[in-house]
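What shape does this take:
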Amino acid sequence: MSCVTPSWSVAMKKNQLRVNEFGLIERFFRPLAVNNPGSASLQDDCATLSVKKGYQAIYSMDTMVEGIHFFKDDPADLIAKKLLRVNLSDLAASGGHPRGYLLALCLPHGFPLKWLENFSAGLQDDQTKFNVSLVGGDTTSSNGPITLSITAIGEIPKGRVIRRAGAMVGDDIFVSGCIGDAAIALKLFEEIGRAKTLKHYPSLYNRYILPEPRIGLGKLLAGTATACIDISDGLYADLNHICLASKVGAKIEMGAIPLSICATNIIEKNKDYWESVYGGGDDYELLFTANKDQRNVIENFASILNISISKVGCIQSGKGISILDQFGHVVPVRSFGWQHF
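Next comes the predicted model:
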């Protein structure tokens, strides 16, 4: 992963050319919309987007604020990619296929054009990677921090959307990929700094700054998973969202939670990092439930996509979530995941 593009703070030290809203759209964002005729080249107040016959549109919106969701010195192209990817991850959790997105930017006065150039280049890279394009949006200035928002638009066959409220007692609980890398990276940022984290733990750093939306898996899970969510607030917190919506409880086997090699090595030296595994966020892996008779089907999904999918627990009656250690003892949970308020 390249980290050579100028950060916001670096770009701010360079010449700050002013441009009006329409010049900004023309220069940086109209090229992102050329492949979508419904965008009208960003010249109208509204865009159009049709879905295929037998499909319905799905929508999701996420906002990122400087100092909360990204650091002031993060490269602009990677901020753009993460902003798009976390929204595509929401579509994946519903089983949808991405079609387009709306972009809103609230930028400080005197924003550097070089930063915007790199930001739009990051969006262009991921538009190509995920076959999606800009259809519209809004720009404004403020005296506050950079605030960025995307509304992702997808489509899914009618009646196939995966909700959080479908988990049933006896269902298996699965997660894709590895859990905890991003949250451990964030903890390392606080302890040793970002530069040393990147130097000594590049795989964890990359998982935090550039998540991978599981779009292919989400599409396969439509019709198989009984409930699904992407892990943005943390394993415990997001499983709790499913449990509350489905009016069930859950049991997680601590030893079944899949860890990367790097995370395993860190946890072996300091068990306190387990809190980051189930209490941290930013994994953007899919957490889903399915009937036990779907185990072979799900194993086949993992093979088709060449990713890992791990069974980590089961849905049970009652309320609450229990995390059990290797001896069957309940593990005390001190970190319940990210809370916005």
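
quick one: low-confidence ranges for this protein?
1-21, 335-341 (pLDDT under 70).

how does it divide into domains?
8-157, 164-324 (automatic domain parsing).

and those as CSV, adding distance to V330 and mean neighbour count?
Bear in mind the C-beta positions are built from the backbone N, C-alpha and C, glycine included. Formatted as CSV, the domains of the chain follow (distance: least, Cβ to Cβ, whole Å; neighbours: other Cβ atoms under 10 Å):
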stretch, distance to V330, mean neighbour count
domain 8-157, 28, 18
domain 164-324, 5, 19
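
Tabulate the ones you listed in CSV, adding columns for distance to P332.
Output for the domains of the chain, formatted as CSV (distance: least, Cβ to Cβ, whole Å):
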stretch, distance to P332
domain 8-157, 28
domain 164-324, 9
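
host element of the nearest residue to L105 once chain neighbours are set aside?
In this structure, L105 finds its nearest non-sequential neighbour in T139, 4.9 Å apart by Cβ to Cβ, 6 or more residues apart in numbering. According to DSSP states H and E, T139 maps onto strand 133-142.

Please apply the same query to L217.
Going by DSSP H and E, L217 is part of helix 215-221.

Contacts made by that helix with the rest, please.
Helix 215-221 is contacted from outside by 88, 91-98, 130, 162, 176, 228, 286, 288, 290, 301, 304-305, 307, 309, using Cβ atoms under 8 Å, 6 or more residues apart in numbering.

can you check stretch 257-268 too?
175, 177-181, 184, 201, 203-204, 207, 235, 273-274, 277-278, 308, 310, 312.

just checking, what packs against the strand holding T139?
helix 21-24, strand 97-108, helix 113-130 (3 or more Cβ pairs under 8 Å, 6 or more residues apart in numbering; DSSP states H and E).

Off-centre distance for it?
20 Å (Cα atoms, centre = their mean, to the nearest Å).

From the rest of the structure, what touches that strand?
21, 24-25, 29, 32-36, 38-39, 42, 46-47, 49, 100-109, 111, 123, 127, 153.

So which residues of the stretch 151-300 of the chain form helices?
181-192, 194-200, 202-209, 215-221, 235-246, 261-269, 274-279, 295-305 (DSSP state H, counting those that start in this stretch).
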